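[1] fold the following, please.
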Amino acid sequence: MPHRIKGAVGLLAAALLTAALAGCSESKPDLQPERHVLRVGIMHGGSESEELFRQRYTDAFEMMYSHVEVELVPALDEWGRDRRTGEPPVNEASALGTLMSGAAPVDVVFAESPQIYALIRDHRLMELDSFIAKSRLDLSTYALGVMGGIKEMGEGKIYALTPTFTASGLFYNKELLMEKGIELPQEGVTWDTVFQLARRIADSERMPQVFGLLFNRFTGNGFRDAMLLSEQEQLRLVDEGRERMLVNTDSWKQLWTEIAGLYIDRISPTSRDFQPSSDEGEEHPYADDLFIGGRAAMLLANFSYANELAEAQRQLEGSGFRVPQWDVMPVPESPSVPGVGAGMELGMLMGINTRASNPEDAWRLVELINGPGWARTMARSGSELPARAEYASAAAGAGYNLDAYYRLRPVPPDIRELSTSFPYYYDVIYLPGLKLFRNVLEGRMTVPEALAEWEWRGNISLKQIKEHPEGPFEFDDLGIIAPK
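    Numbering: from 1, shown residues only. As a prediction, the model looks like this:
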């Protein structure tokens, strides 16, 4: 969890945060003589995780509203087991949902997008629009992508808020692009354009080789890259009933053909290309980072990579090496789903239980954490971006396009729902797809053959799961399963 603090340091930070929030809060604490409890539902419990949660989210609230005692109610223990039964949950959303009913339901819940989306669909969260309208919480400075993602989950309405998010961007080496006379546009760039530019820039005759495009700064995995872009394009793996796979389509064929071509033609590096080479001359201190080493023209990476580039520049000073001139642009878009970015995630979301016994204090907590005071105080986190764009700041000394992270909205949670709630996803879908994609790269299968095989084998497995829901199952390396 970002911005971790402990002990006396945590208390001091909470006190300072309280002072900052009190000085800028639009609403005054409603001091009531009676002490009462605000029950907060969280996903995972444990002494350390609960301490960190309190330091980040609730200590300042309790100091401002001294008559309110915050009680944390975890759905799962630190090993991921249901706190009530001791067994693994069917899925995390259902475990969280149990905290929202019964004799003592929680008032407010903190969870990630897939779980919050499931709670919205089950009508377990209050609409926050009326709370927002009655308060002075100004959301006009929220990143359009963050607010767009929140409203997309609620079909236009707001059921939860988050003060942070993470995002990726397309980092590019200005020098390599200038050599080819290429100037990247900053808005509305599609993946097709980037693929074409990557082919123009890649140079297999240069030693060491220059690659046009990296989807990951640590390794090369074309199947994972294809899965990432399939989410952005909102291509579905299975139907809603999980009875048949949907991968043998023209859209999937085009995607696999494009990504496989980048690896086959050496436009993108394979995993072995990340090993430092033994070329003549002194080895670059960052030889395992192809972008810093000047061997990659474009790289899809998390926003925090900008901080690493700034630190690398400081470390290389006086060494004879340097970080190439660079900048970052928004993640390329797909024409079929404009405005949606790959690699963007909403931060911890918070919503109010429809059965809350204390919705007023629940809203006060939500309002406090999503207000400008909290954003101003916590904006120094290196692992998350503030949803309020005015508090974002670039890495020290780095003048780059910070706005690149604020333009797109995340992939809707329902596109990822299969991987988060389907217990056999890895064995039935992911591993077979990985092996079949590798067969394409090695020339043993064509893309149409591989996708047809993936769908055929997946359909057999899905049928077995439907007919024998109790399991357990045995798997082979391509996912065909049978009850034990």
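
[2] where in this protein is pLDDT low?
    Judged against pLDDT under 70, the low-scoring parts of the chain cover residues 1-33, 83, 86-87, 90, 185-186, 276-282, 380-382, 394-399, 419-420.

[3] how does it look with 50?
    Within the chain, the stretches falling below the threshold (pLDDT under 50) are 1-12, 15-16, 19, 23, 25-26, 31-32, 280, 396.

[4] all strands for it, in order.
    Counting by DSSP state E, residue ranges of the strands within the chain are 36-44, 68-76, 108-111, 164-166, 168-173, 298-302, 326-329, 345-346, 349-352, 385-386, 473-475, 481-483.

[5] distance to L368 and mean neighbour count for those - can I get that in TSV?
    In short, each C-beta sits where N, CA and C put it, glycine included. Written out in TSV, the entries for the strands of the chain read as follows (distance: least, Cβ to Cβ, whole Å; neighbours: other Cβ atoms under 10 Å):
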stretch	distance to L368	mean neighbour count
strand 36-44	12	20
strand 68-76	11	19
strand 108-111	11	26
strand 164-166	14	22
strand 168-173	29	24
strand 298-302	28	22
strand 326-329	32	21
strand 345-346	19	20
strand 349-352	10	26
strand 385-386	15	24
strand 473-475	47	15
strand 481-483	49	15
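
[6] I'd like the ones you listed laid out as JSON lines, including distance to T219.
    Converted to JSON lines, those look like this (distance: least, Cβ to Cβ, whole Å):
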{"stretch": "strand 36-44", "distance to T219": "29"}
{"stretch": "strand 68-76", "distance to T219": "31"}
{"stretch": "strand 108-111", "distance to T219": "30"}
{"stretch": "strand 164-166", "distance to T219": "20"}
{"stretch": "strand 168-173", "distance to T219": "16"}
{"stretch": "strand 298-302", "distance to T219": "13"}
{"stretch": "strand 326-329", "distance to T219": "21"}
{"stretch": "strand 345-346", "distance to T219": "21"}
{"stretch": "strand 349-352", "distance to T219": "31"}
{"stretch": "strand 385-386", "distance to T219": "25"}
{"stretch": "strand 473-475", "distance to T219": "25"}
{"stretch": "strand 481-483", "distance to T219": "29"}
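
[7] F291 is nearest to which of those strands?
    strand 298-302 (4.6 Å; Cβ to Cβ).

[8] one step back: among the strands of the chain, which is nearest M445?
    When the strands of the chain are compared for distance to M445 using Cβ to Cβ, the nearest one is strand 473-475, at 20.5 Å.

[9] can you list contacts of that closest one?
    Residues from elsewhere that reach strand 473-475, judged by Cβ atoms under 8 Å, 6 or more residues apart in numbering: 424, 427-428, 464-465, 481-484.

[10] S383 touches S304, doesn't it?
    Yes. Under the contact definition of Cβ atoms under 8 Å, S383 touches S304, with a separation of 6.2 Å.

[11] which residue packs closest to the spatially most central residue of the chain, ignoring adjacent ones?
    With the centre of the chain defined as its mean C-alpha position, the nearest residue by Cα atoms, centre = their mean is E345, 3.2 Å away. Distance criterion Cβ to Cβ, 6 or more residues apart in numbering; nearest residue to E345, sequence neighbours excluded, is T166 at 4.9 Å.

[12] show me the contacts for that neighbour.
    Residues in contact with T166 (Cβ under 8 Å, 6+ apart) are 302-303, 343-345, 347, 383-385.

[13] as a markdown table, the residues you listed with distance to E283 would be great.
    Below are the contacts of T166 laid out as a markdown table (distance: Cβ to Cβ, whole Å):
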| residue | distance to E283 |
| --- | --- |
| N302 | 26 |
| F303 | 29 |
| G343 | 30 |
| M344 | 35 |
| E345 | 36 |
| G347 | 39 |
| S383 | 30 |
| E384 | 34 |
| L385 | 34 |
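
[14] if you count what's nearby, which of S383 and S304 comes out ahead?
    A side-by-side neighbour count of S383 and S304, using other Cβ atoms under 10 Å, places S304 first with 17 against 14.

[15] roughly how far does the residue nearest to the centre of the chain sit from F165?
    Using Cβ to Cβ, to the nearest Å, one gets 6 Å for the distance from E345 to F165.

[16] any shared contact partners between the two?
    Shared contacts of E345 and F165, defined by Cβ under 8 Å, 6+ apart, are found at P410.

[17] what about G261, how many residues nearby?
    17.

[18] can you tell me the closest non-neighbouring residue to it?
    I267 (7.6 Å).

[19] cool, I292 as well?
    For I292, the spatially nearest residue (Cβ to Cβ, 6+ apart) is Y286, at 4.1 Å.

[20] how about the contacts made by the closest residue to N221 other than its chain neighbours?
    Setting aside the residues directly before and after it, N221 is nearest to S271 in space (Cβ to Cβ, 6+ apart), at 7.2 Å. In this structure, S271 makes contact with 219-221, judged by Cβ under 8 Å, 6+ apart.

[21] return the distance of the spatially closest residue to E152 that is not a sequence neighbour relative to I352.
    Of all residues beyond its chain neighbours, the one nearest E152 is P412 (5.6 Å), with distances taken as Cβ to Cβ, 6+ apart. Distance of P412 to I352, computed by Cβ to Cβ: 22 Å.
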